[in-house]
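Visitor: Sequence first, then the predicted structure, then my questions.
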Amino acid sequence: MFANGRPGSTSSGDDGVSLGSGYIRLHGLRIQRPSWEAELQPLEGVTGVVEVVVFDMSVRHRIGYRWRNSSGSSTDSTPFSHAGSGTPEGDTVSLTPGAGPLFFCCTKELVPLTGCTLGKLIVRRVAHEPDWPRILEAQFIGNSLLSAPLEADVHVPRAGFVYLWLAMCDKNLDSSKVFGHTEWHAHGWGYLPGMLSNCLLVQAGMLLLYLALHLLWRPQFGPAWRSLDRNSLPHFLTFLLLLSLLSSLTTLLELLLLSVTGHRFVVVTLAAVTAGVLQGLLLRAVLVGVAAGFGTLLPKLGPIPGKVLIPAVLYILVVGACEGVRSVGQVDDWGSGEHVALRTPPVLLDLLLAAYLFPAALATLEQIKTQGMQAASNQMLGIFRHALTAMGVLAAAALALTCWEAYFKLSDPLNLQWQWDWLITAAWHLLSLLTLASLCFLWSPSRFSSRHDASVQDDQAIESLMSS
């Protein structure tokens, strides 16, 4: 319950929520303290207080007291800059990573230094925002087990990364429980956290772009689909395009429901995550197949070796688990450290894919060259060279985007630049769209049929290529 496992403060979650100018509504917020602690209290009067503090990260320096070291230098600018020799044996919480411990007024040593009220938060007020950060109190009356219900509307004056913390100095409350619920509402965004607000527009845009690609692809694929083998590359590209449409649609639906209702429905979220994972898997499978000769040397896909299925299952498990943790039931915005940790396994899988993809593509290029000087072979050679160039450019773009994402997240551990987080999501979606559009352009059905008139046709050659 308590941040960093130390009594003194607890937050509404592991992370805050990016919120535009709006409000946070507290509905029947009650604290339940341990029964043995309640039994020790007198029958009347206020016998315990838990403070509820709402703040955004731009005013985090107004909360708490950062102790000066023995040399007299402070680890951070604070409203109270009194020198001291040593630190009080009190309760601390790390509000700013790397800035040293932050003290609340839980010990007598801080009273003469700061003029604070013992057992209360230390908050510096400024003239232009006298009520921000907002402090509320949940009080225990007599020997009651539950605190009096707290009902309040907290106005958030600006867009920012907003936290709701529960602060207390009484160590006997370290096993308390919180009941009730909070309603976070941003003007213009509904219940959608600020980090996801622009993602709503991104998903709507991607849905329109995939629809446009589908409208361009349909006249190419429609007249030729009966004459093409069902295991041919255009059929796989058509299914991938439909899956991409489904992924964008379900993700857009999930964000709309979150914006309107304030809840993430598990079924809808799982559908969006599953469609996204399968889309990513099929796109990578098509790239591997193209690199191995599918669509050039191989007019149709033969039996899939078992060694190909193992990485596919591993991808589904790893990426599905990471995306599920990030999305299912999650309302708070992830911190930078958690984001990087969840992104690392999929990135490592993509690096292993790239390590296989380009050597296999170069080997396929050499095999196409040995087909001779027939017109179909020359056509295949030209198409494959264009595909290899496109894969190289897209791989370089993906690597640059990965480095940028890691730098963006690690250089902003407090998510102060949350307004620009949507650019990363948009860039990855555009990269997937460009990859699919490139494949559709190079392997349109009208060109695909004539390309294989002189290609490898016998089953023995196909099985040999597939096994390699």
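Guide: Noted; the coordinates are in hand. Residues are numbered from 1 along each chain as shown.

Visitor: quick one, helices of the stretch 51-200 of the chain?
Guide: For the stretch 51-200 of the chain, applying DSSP state H, counting those that start in this stretch gives helices covering 110-114, 194-221.

Visitor: which strands and helices sit next to the first one?
Guide: It stands for helix 110-114. Contacts defined by 3 or more Cβ pairs under 8 Å, 6 or more residues apart in numbering; DSSP states H and E place helix 110-114 against strand 65-66. C-beta here means a position set from N, CA and C on the backbone, and glycine is covered the same way.

Visitor: mean confidence for the strand it packs on?
Guide: Taken as a whole, strand 65-66 carries a mean pLDDT of 70.

Visitor: Now residue 142. Its backbone dihedrals?
Guide: Backbone torsions of residue 142, given as degrees, to the nearest 10, read phi 60, psi -140.

Visitor: Please look at it and residue 39 and confirm they touch.
Guide: No. Using Cβ atoms under 8 Å, residue 142 makes no contact with residue 39, being 11.1 Å away.

Visitor: about what we covered before: would you convert the helices of the stretch 51-200 of the chain into JSON lines that also reports mean neighbour count?
Guide: Shown next, in JSON lines, are the helices of the stretch 51-200 of the chain (neighbours: other Cβ atoms under 10 Å):
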{"stretch": "helix 110-114", "mean neighbour count": "16"}
{"stretch": "helix 194-221", "mean neighbour count": "18"}
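
Visitor: Endpoints of stretch 151-167, how far apart?
Guide: End-to-end distance of stretch 151-167: 17 Å, with Cα to Cα, to the nearest Å as the criterion.

Visitor: Confidence-wise, which helix or strand of the chain is lowest on average?
Guide: strand 9-11 (a mean of 37; mean pLDDT, DSSP states H and E).

Visitor: Tell me which of residue 142 and residue 39 has more neighbours.
Guide: For residue 142 versus residue 39, neighbours defined as other Cβ atoms under 10 Å are more numerous around residue 142 (12 against 9).

Visitor: what's the more buried one in contact with, if anything?
Guide: Shown in contact with residue 142 (Cβ atoms under 8 Å, 6 or more residues apart in numbering): 41, 42, 43, 44, 45, 47.

Visitor: and the first one, how many neighbours does it have?
Guide: Pointing back at residue 41 there. Using other Cβ under 10 Å, residue 41 has 17 neighbouring residues.

Visitor: Look at it and give its secondary structure.
Guide: Secondary structure state of residue 41, per DSSP: H, G, I helix; E, B strand; the rest coil, is coil.

Visitor: For residue 191, see how far away it is.
Guide: Computed as Cβ to Cβ, to the nearest Å, the residue 41 to residue 191 distance reads 38 Å.

Visitor: And the last one, by the same measure?
Guide: From residue 47 over to residue 191 the distance is 36 Å, taken as Cβ to Cβ.

Visitor: Average pLDDT for whichever strand or helix holds residue 379, rounded please.
Guide: Per DSSP states H and E, residue 379 falls inside helix 375-410. Averaging pLDDT along helix 375-410 yields 86.

Visitor: mind checking the backbone torsions on residue 262?
Guide: When read as degrees, to the nearest 10, the backbone of residue 262 gives phi 80, psi 10.

Visitor: wait, what's in contact with residue 216?
Guide: residue 440.

Visitor: returning to that earlier point: give me the helices and strands touching whatever helix or strand comes next after the helix holding residue 379, please.
Guide: On the C-terminal side of helix 375-410, the nearest following helix or strand under DSSP H and E is helix 422-442. With contacts taken as 3+ Cβ pairs under 8 Å, 6+ apart, helix 422-442 sits against helix 194-221, helix 233-261, helix 266-291, helix 375-410.

Visitor: now the longest one and helix 266-291, what's the angle there?
Guide: What separates the directions of helix 375-410 and helix 266-291 is an angle of 140 degrees, with axes from the mean of the first three to the mean of the last three Cα atoms, to 10 degrees.

Visitor: what packs against helix 375-410?
Guide: Packing partners of helix 375-410 (3+ Cβ pairs under 8 Å, 6+ apart): helix 266-291, helix 336-369, helix 422-442, helix 445-451.

Visitor: likewise the second one?
Guide: Counting contacts by 3+ Cβ pairs under 8 Å, 6+ apart, helix 233-261 is packed against helix 194-221, helix 266-291, helix 422-442, helix 445-451.

Visitor: Just give me the neighbour total for the closest residue in space to residue 384 that isn't next to it in sequence.
Guide: Leaving aside its chain neighbours, residue 384 sits nearest to residue 296 (5.2 Å; criterion: Cβ to Cβ, 6 or more residues apart in numbering). Residue 296 has 29 neighbours, counted by other Cβ under 10 Å.

Visitor: Over to residue 296. Which of the three states is it?
Guide: Secondary structure, three-state DSSP: residue 296 is coil.

Visitor: And it, how far from residue 157?
Guide: 61 Å.

Visitor: do the same with residue 389
Guide: Applying Cβ to Cβ, the value for residue 389 to residue 157 is 52 Å.

Visitor: Show me which of these two is the more surrounded one.
Guide: Using other Cβ under 10 Å as the criterion, residue 389 and residue 157 rank with residue 157 on top: 14 against 11.

Visitor: burial measure for residue 261, as a count.
Guide: As a burial measure, residue 261 scores 11 neighbours (other Cβ under 10 Å).

Visitor: need the contact list for the nearest residue to residue 133 once chain neighbours are set aside.
Guide: What sits nearest to residue 133 in space, not counting adjacent residues and going by Cβ to Cβ, 6+ apart, is residue 55, at 3.5 Å. By Cβ under 8 Å, 6+ apart, the contact list for residue 55 reads 62, 63, 132, 133, 134, 162, 163, 165.

Visitor: Sketch out the low-pLDDT regions of the stretch 251-400 of the chain for me.
Guide: 298-308, 329-335, 371-377 (pLDDT under 70).

Visitor: go with 80
Guide: Scanning the stretch 251-400 of the chain with the threshold set as pLDDT under 80 gives 262, 294-312, 325-339, 368-380.

Visitor: could you point out where the stretch 101-250 of the chain is predicted with low confidence?
Guide: Within the stretch 101-250 of the chain, the segments meeting pLDDT under 80 span 101-104, 107-110, 113-115, 119, 159-161, 170, 173-174, 185-195, 221-232.

Visitor: The same query, at a cut-off of 70, please.
Guide: For the stretch 101-250 of the chain, the stretches with pLDDT under 70 are 101-102, 187-189, 223-229.

Visitor: of all the contacts of residue 55, which comes closest to residue 344?
Guide: Closest approach between these and residue 344, by Cβ to Cβ: residue 163, at 25.8 Å.
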